[in-house]
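A.B. asks: Based on what follows, work out the 3D shape:
(one chain, ligands or ions: 1)
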Amino acid sequence: MEKVLDLLILNRVKFHTLSLRGRVVLSQLPLSITMLFLLVATWISDAPILADPLFGLSMVLNAVLLAACFLVPWDKLPYPSFLLIPLLDFVAIGLLREGAGSLLTGVGLLAAFPVIWLAASGQLPKLSVIGGALATLAMVWLPVLLKDTAVTFEVLARPLLIPFMMLAIGITVRVMTASTMEQQRVVEAKDAELRTLLEASGRRERLLSAVMSAVDVGVLAVDEDGNAILRNRRQEELRRLALPPGDEDAPESRLELYADGGSTVMPVQDRPIRRAMRGESFSEYLMWMGRKPGQRVLSTSAQAMADDSGRREGTVLAFSDVTELVAAVEAKNDFLSSVSHELRTPLTSIQGYAELLAMTPGLSPNMASGLDTILRNSDQLLTLVKDLLGTAAGFSELQPVPADLGVIAAQAVAAAEPRAAAGGVMLTAQSEGDLGVFCDPARVRQVLDNLVSNAIKYSPQGGNVTVSCTGGGGVVQCRVADEGMGMGAEETQNVFTRFFRSPAARRSSIPGLGLGLALSMDIVERHGGSISCESEPGAGSVFTFTLPVAGPPRDNDPDGACCRVVPAGAQPKP
Ligand code: ADP
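C.D. replies: Numbering: from 1, shown residues only. This is a model prediction of the structure:
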């Protein structure tokens, strides 16, 4: 009953959410209740129509129809079969109208109930409206036609008002229902779309949380103010390493983070989250977390997020534990450094004594040529050892001073002349434009020596090597081109990787360790410049490096290059 009141009066229950049976019963109820009210009123007033068989029949039919609404399994029958009930309602109303005669006026207007039901059903829209009006017409005309009295125009016209009213009611209801149904359809479509979106977003969230717990990388998302909006378990574990003893809730500024090999406290403004708050994106930024001996080294990267309009929304930071990698790199560097030192001392002494011996007057040709071979080979060995030492120790600070790239190139070319002549290679130097540059000349010379020496080494007899320097547009550029063995595309890509040697270079007996170009790239990048290689097998190679005239970036370490770990065998970041 409460449901009925809810629906009829308070409208708290949504009609379309009820079962088909519920909807049929509720559609029939208004007519049945009205007829029941009529029966009770007639019975109380003891009106004579109570005895009329047609009146009684209409009441019985009404009761039967209401019972049918309850009992018939409408959802198992073909869909609009329930419309039989409003059609039969016209019969019950017709009988009531006839039974009541002139004692009850306006009974015919009860036809409005089945008319509204038919029109609002949404089934066969036009037919149900016309059907409602025709059924009302039949309801008022049939008694006239079935009676023995003469059928005149006036007799037929008198009750016509009721069918016309029902037609108007039917049309009105139909129009209103159509627009409500359309609105409902739109709402339902939106509802379905929202549900699909909600499901997809739920799926994405589950996926994200699975990925976040599966990865062994700490992930932290922060908003523009640096507040954490998402962090995974691994990040929580890593953060705990940096908490000051006894302070579980320490803010980010009080975390124990270190730079420079784990010995210096990392200034607050250099911490990854602070950099992220400034909108910086970076990668491979090293930071040491916590105190020794449990200290871990983390490589951090940050990627700024922006909304569709480009407004900054925050940053995602990733923290990977590279402690073992850093330890391995340090061990390798220590090893290379000590081996190189041990080799350099006896080699220098061999070279010194060989030079002294070579100056002895009256040496036999055999002795002189033997000493020359010793000198050449020890020279080569020393170069290799220097490369190894350079790789192991890196180099400390650049010493930039105003210099001229043309002069440095000319010196490198002059120094390489004897080697070029010995290999039958024609060496040419060209300069154009203003070549003044603020740089560390010793380091730039190291780059040039390496490029020129490679160009000679990997050129056949009779090959040409050209060193050309140009200046302009705030940069100076140097191009070292040869017509030597060249390399394939894949080899060219790896040429700046430490210890890389092309298969052709390895097959030939040309000595080398694959370190010179990696060192050269390091030097050029520390100057804020870039280096590249173009090559074709059999056609030669061109190495080009560019330096900014203004010199290295002020802090010489724009994105933590000083702290970057480049494992052996990996391509240094361009
Ligand atoms: P290496 O001491 O082996 O020359 P580098 O780092 O200078 O070491 O060069 C790395 C590798 O790149 C070389 O071993 C060689 O295979 C290739 N390479 C460098 N320069 C040239 C060149 N001018 N022509 C052909 N290959 C070259």
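
A.B. asks: can you map out the strands along the stretch 251-400 of the chain?
C.D. replies: Here the stretch 251-400 of the chain has its strands, by DSSP state E, counting those that start in this stretch, at 257-259, 264-265, 282-289, 296-306, 312-321.

A.B. asks: what packs against the third one?
C.D. replies: Counting contacts by 3 or more C-beta pairs under 8 Å, 6 or more residues apart in numbering; DSSP states H and E, strand 282-289 packs against strand 257-259, helix 272-277, strand 296-306. C-beta: built from backbone N, CA, C; applies to glycine.

A.B. asks: want to try JSON lines for the strands of the stretch 251-400 of the chain, with distance to the ligand, mean neighbour count and mean pLDDT as columns?
C.D. replies: Output for the strands of the stretch 251-400 of the chain, formatted as JSON lines (distance: least, C-beta to the nearest ligand atom, whole Å; neighbours: other C-beta atoms under 10 Å; pLDDT from 0 to 100):
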{"stretch": "strand 257-259", "distance to the ligand": "30", "mean neighbour count": "21", "mean pLDDT": "91"}
{"stretch": "strand 264-265", "distance to the ligand": "33", "mean neighbour count": "10", "mean pLDDT": "89"}
{"stretch": "strand 282-289", "distance to the ligand": "22", "mean neighbour count": "20", "mean pLDDT": "90"}
{"stretch": "strand 296-306", "distance to the ligand": "25", "mean neighbour count": "18", "mean pLDDT": "91"}
{"stretch": "strand 312-321", "distance to the ligand": "28", "mean neighbour count": "19", "mean pLDDT": "91"}
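
A.B. asks: Now these in TSV, please, with extra columns for distance to D148.
C.D. replies: Conversion of those to TSV gives the following (distance: least, C-beta to C-beta, whole Å):
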stretch	distance to D148
strand 257-259	110
strand 264-265	116
strand 282-289	104
strand 296-306	90
strand 312-321	88
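
A.B. asks: if we compare those, which one ends up closest to L57?
C.D. replies: Comparing those by their distance to L57 (C-beta to C-beta), the top pick is strand 312-321, with 75.4 Å.

A.B. asks: Distance from the chain centre to that closest one, please.
C.D. replies: Offset of strand 312-321 from its chain centre (C-alpha atoms, centre = their mean, to the nearest Å): 13 Å.

A.B. asks: now the angle between strand 296-306 and it, please.
C.D. replies: 160 degrees (axes from the mean of the first three to the mean of the last three C-alpha atoms, to 10 degrees).

A.B. asks: what's the angle between strand 312-321 and strand 282-289?
C.D. replies: Using the same axes, to 10 degrees: strand 312-321 against strand 282-289 is 60 degrees.

A.B. asks: So which of the strands of the stretch 251-400 of the chain is nearest E205?
C.D. replies: When the strands of the stretch 251-400 of the chain are ranked by proximity to E205 (C-beta to C-beta), strand 312-321 comes first, at 15.8 Å.

A.B. asks: How about residues contacting the closest one?
C.D. replies: 216-224, 229, 234-235, 238, 272-273, 276-277, 279, 281, 296-307 (C-beta atoms under 8 Å, 6 or more residues apart in numbering).

A.B. asks: do the same with stretch 291-311
C.D. replies: 218, 221, 238, 241, 256, 258, 262, 272, 275-276, 279-290, 312-323, 326, 565.

A.B. asks: swap the cut-off to 6 Å and go again
C.D. replies: 241, 262, 272, 276, 279, 281-289, 312-323, 326 (C-beta atoms under 6 Å, 6 or more residues apart in numbering).

A.B. asks: same question, stretch 107-123
C.D. replies: Contacts for stretch 107-123 (C-beta under 6 Å, 6+ apart): 27, 30-31, 80, 86, 89-90, 93, 96-97, 100, 128-129, 132, 136, 162, 166, 169-170, 173-174, 177, 181.

A.B. asks: what sits against G406?
C.D. replies: With C-beta under 6 Å, 6+ apart, G406 has these contacts: S431, L435, C469.

A.B. asks: Give the full set of residues in contact with the residue of the stretch 101-250 of the chain found nearest the ligand.
C.D. replies: The ligand sits closest to V217 of the stretch 101-250 of the chain, with a gap of 32.0 Å, by C-beta to the nearest ligand atom. By C-beta under 6 Å, 6+ apart, the contact list for V217 reads A318, S320.

A.B. asks: pLDDT score assigned to it?
C.D. replies: V217 carries a pLDDT value of 93.

A.B. asks: how close does it sit to A304?
C.D. replies: Distance, V217 to A304, using C-beta to C-beta, to the nearest Å: 18 Å.
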